[in-house]
Structures are given as structure tokens and as C-alpha cells.
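J.: Okay, sequence plus prediction incoming.
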Amino acid sequence: MSETAIAARPPEPDFSALSDGQLIAYREAENRFRASGAARAILGEPDPGAAIHWREIALPGRDLPVRVYRPVPAGAGETAARDGLPLVVHVHGGGFVGTAAQCDWANSRLAARLPALVVSVEHRLLAPGSTLANAADDGWDVLDHVVRNAAQWGADPARTAVFGESCGGLISALTAIRARDAGLRLAAQVLVNPAADVTGTMFDYASMDEYADSPAPVLPQLRLFRRLAVPPGADARAVSPLYADDLRALAPALVVVPTRDAVADHGRRYAGRLSAAGTSVRLSEYPGARHAFLTLPGVEPQAGAAREEILRFLRAALAK
């Protein structure tokens, strides 16, 4: 949760042979880099039109950090207009590594330009003893807490969306399902390269075969992700939105798929299931873009176009 001006990026480890201690050491070093000014050349600069700060939320059994993005008033007369803002609850990608700070570029622009209150969940990362079910609970509990206390946050609970990338897209999809089941009406869900299947069929897709080693070897990371996400004996279907029993009456969805991605077919298949269930969905593909492209505007030219598409989608969905 700390931020530094300079941090060296650690070398990428052998994900197929990491000990528990090596995993923790790697992610701490990597997250220090992602939260540092040194990373902004690839992760992008925040929008000066948004104020950014960390805050802790008291949840059942734990205090959880969130990164809050709020539009900066243009003048004294605009202060009142910054109450009753649309709410976007965001979940970062990474799974066993990652931090909300890596998403400042996109989230600050959503806050400034929608405008909206964006609350990004610093969820419990996957590790031995901390499964995907924990991270999914964090996504849902933050949404539920902020909506129930919307007046204190300056948010309009009737204009709420969820948004996430990769593992965060998976958590956001699960959150949208839980919101419907709890009677909480969401205005939209934005799922960017969601890893929608963590069952035994996770690797049984053409995109996995095509991009397992290009642009970089990813299967060792994905196997580690699945091993940590779903321990032996756990019900993988319970945390795989692709296999949810009922996908009807969910919030309208934008599913963003970078095509040069091993999990591209997860997003395509989930968009198809949403459509078949009668849930409004738009599938938007970005040819040649890599898995984490939305968080890499310094090296991924299509990140800007995807961000603008997400902004337009949310602006329409969250309009009064």
C-alpha cells in the first residue's frame, strides 16, 4: 500500500518452481515497483483531474485497503457537484501479484472524465492459504459496503458499475452475479481479458494453444494461478463465472478481449454465455493486443482506444 519514487523491478522467476517464500518475496518486490514512479513509463501517468488516496474499509474479520479516485472540483462552486457521483468498483489484475496502484492511468481518467467515484479493491492476493474465494469475497464486500454507505462516500448507489481486468475481471464477473442474487441492481459490468474459467478445462481453448509461448511463455504462471486459486478438493465451478448456473438478468456487460492472449477464448466464451442467457453484452476485440494491455499504455498502443471505449460505455450506462 506504500508508494515510492524509485524501485527496481525484480527479475521474473521460474513460476513452475517457486517456493512459498520466493513467491511472497517476488510479489512484494514487484508490487513495490508497480507502485513506484519508476513504473510510470510503462503503466502511464495519472490524470491530474483526479485526486488519488488510499483508504481502509472495515469489513467482517479484516480491514481492507482500497485506492480511491475522485474528480477534482474545477472551482469552489463545483464542490456540491462532486457528491452523488456514479460509483465504479474496480478490481486489479494479477492474481498472486498486483496492486491497485498499477491501474492509476485508467482509473484516474474514469474518475476525472465520467466523472465518477472509482474505488479500486486491494484484494487479498492468491497464496497458500489465501484462495480465489477470499479475493472474490473482497470484491463483493467492498461493493456492498460502499453502496450501503454511499452518502458517506459521496456516491449515488443507483448508478453503480463493476470493472476489472484478468483475475480482476473474473472477480468482477462473480461480483455482478452476487449483486443480482442480493437484489443489488448494477448499471454495468466491464470485464477486460477475464480469466473466466478456473476449472480443469481452463487450458482447453484454442487461444491457450496459440499463445502459450507467444509473446512470452505464460503457462507456468497460469498453472501457478490455478493451483493457488483452487486448492485440491475445492469446487472450481463456484469461482468460475463461465460455469455459473444462471447468467440471466445480470448488468449489461462490455467484454474487452485482447486477441494475442492465452485467455482470449475465456472472454469470448463468457460473452457468448451471457448473450445466450439474455443478458445484454458487447464483445470488443483488440487485434494484436496482449493480455495486460489496458495497464500498459506506455508500450501497448491500443490501451488508449480501449480506455476510451470503456469510458463511453460507462458514461452511457451511468447517465442519470
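T.: Nice, I can see it. Numbering: from 1, shown residues only.
J.: which residues does residue 138 contact?
T.: Residues in contact with residue 138 (C-beta atoms under 8 Å, 6 or more residues apart in numbering) are 59, 64, 121, 123-124, 171. The way it works is simple: take the backbone N, C-alpha and C, and place the C-beta from them, glycine included.
J.: quick check, nearest of those residues to residue 288?
T.: Nearest to residue 288 among the contacts of residue 138 is residue 171, at 26.4 Å by C-beta to C-beta.
J.: what kind of secondary structure is that closest one in?
T.: Following DSSP: H, G, I helix; E, B strand; the rest coil, we place residue 171 in the helix state.
J.: That one: how many residues sit nearby?
T.: 31 (other C-beta atoms under 10 Å).
J.: That one and residue 98: what is the separation?
T.: Using C-beta to C-beta, to the nearest Å, residue 171 is found at 11 Å from residue 98.
J.: And the contacts of residue 138, which of them are buried?
T.: Buried by 16 or more other C-beta atoms under 10 Å: 64, 121, 123-124, 171, out of the contacts of residue 138.
J.: how about the helices in the stretch 101-250 of the chain?
T.: With DSSP state H, counting those that start in this stretch as the criterion, the stretch 101-250 of the chain has helices at 104-113, 132-148, 150-153, 167-181, 206-211, 219-229.
J.: Quick one: mean pLDDT over the second one.
T.: Read it as helix 132-148. Mean pLDDT, computed over helix 132-148, is 98.
J.: Can you give the distance of it from its chain's centre?
T.: Between the centre of helix 132-148 and the centre of its host chain there is 13 Å, according to C-alpha atoms, centre = their mean, to the nearest Å.
J.: With only the CA atoms kept, save that helix in CSV.
T.: The C-alpha trace of helix 132-148 is given here as CSV (Å, rounded to 0.1, in the frame of the first residue of the first chain):
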residue,chain,number,x,y,z
LEU,A,132,-9.7,-17.1,-5.0
ALA,A,133,-12.7,-17.3,-2.8
ASN,A,134,-11.1,-14.8,-0.5
ALA,A,135,-10.4,-12.4,-3.3
ALA,A,136,-13.9,-12.8,-4.6
ASP,A,137,-15.3,-12.0,-1.1
ASP,A,138,-13.2,-8.9,-1.0
GLY,A,139,-14.6,-7.7,-4.3
TRP,A,140,-18.2,-8.3,-3.2
ASP,A,141,-17.7,-6.9,0.3
VAL,A,142,-16.2,-3.7,-0.9
LEU,A,143,-19.1,-3.1,-3.3
ASP,A,144,-21.7,-3.9,-0.7
HIS,A,145,-20.0,-1.7,1.9
VAL,A,146,-19.7,1.4,-0.3
VAL,A,147,-23.2,1.0,-1.7
ARG,A,148,-24.7,0.7,1.8
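J.: Let me know the secondary structure of residue 89.
T.: strand.
J.: got a list of what it touches?
T.: Per C-beta under 8 Å, 6+ apart, neighbours of residue 89: 119-121, 139, 142-143, 146, 160-163, 172, 175.
J.: For it, list each beta-bridge partner.
T.: For residue 89, the beta-bridge partners are residue 119, residue 162 (DSSP bridges).
J.: Distance of it relative to residue 146?
T.: Distance from residue 89 to residue 146, by C-beta to C-beta: 7 Å.
J.: Give me the common contacts of these two.
T.: Residues touching both residue 89 and residue 146 by C-beta under 8 Å, 6+ apart: residue 119.
J.: Low-confidence bits of the protein, can you list those?
T.: For the chain, the stretches flagged by pLDDT under 70 are 1-5, 75-81.
J.: The closest residue in space to residue 296 that isn't next to it in sequence is in what secondary structure piece?
T.: In space, and not counting its chain neighbours, residue 296 is closest to residue 42: 5.6 Å by C-beta to C-beta, 6 or more residues apart in numbering. In the assignment (DSSP states H and E), residue 42 maps to helix 40-43.
J.: Contacts for that helix, please.
T.: With C-beta under 8 Å, 6+ apart as the criterion, helix 40-43 contacts 34, 102, 104-105, 295-299.
J.: contacts for the host helix or strand of residue 282?
T.: When elements are assigned from DSSP H and E, residue 282 belongs to strand 281-290. Applying C-beta under 8 Å, 6+ apart, the external contacts of strand 281-290 come out as 215, 252-261, 264, 267-268, 271, 274-275, 293, 296, 300, 302-303, 305-306, 309, 313.
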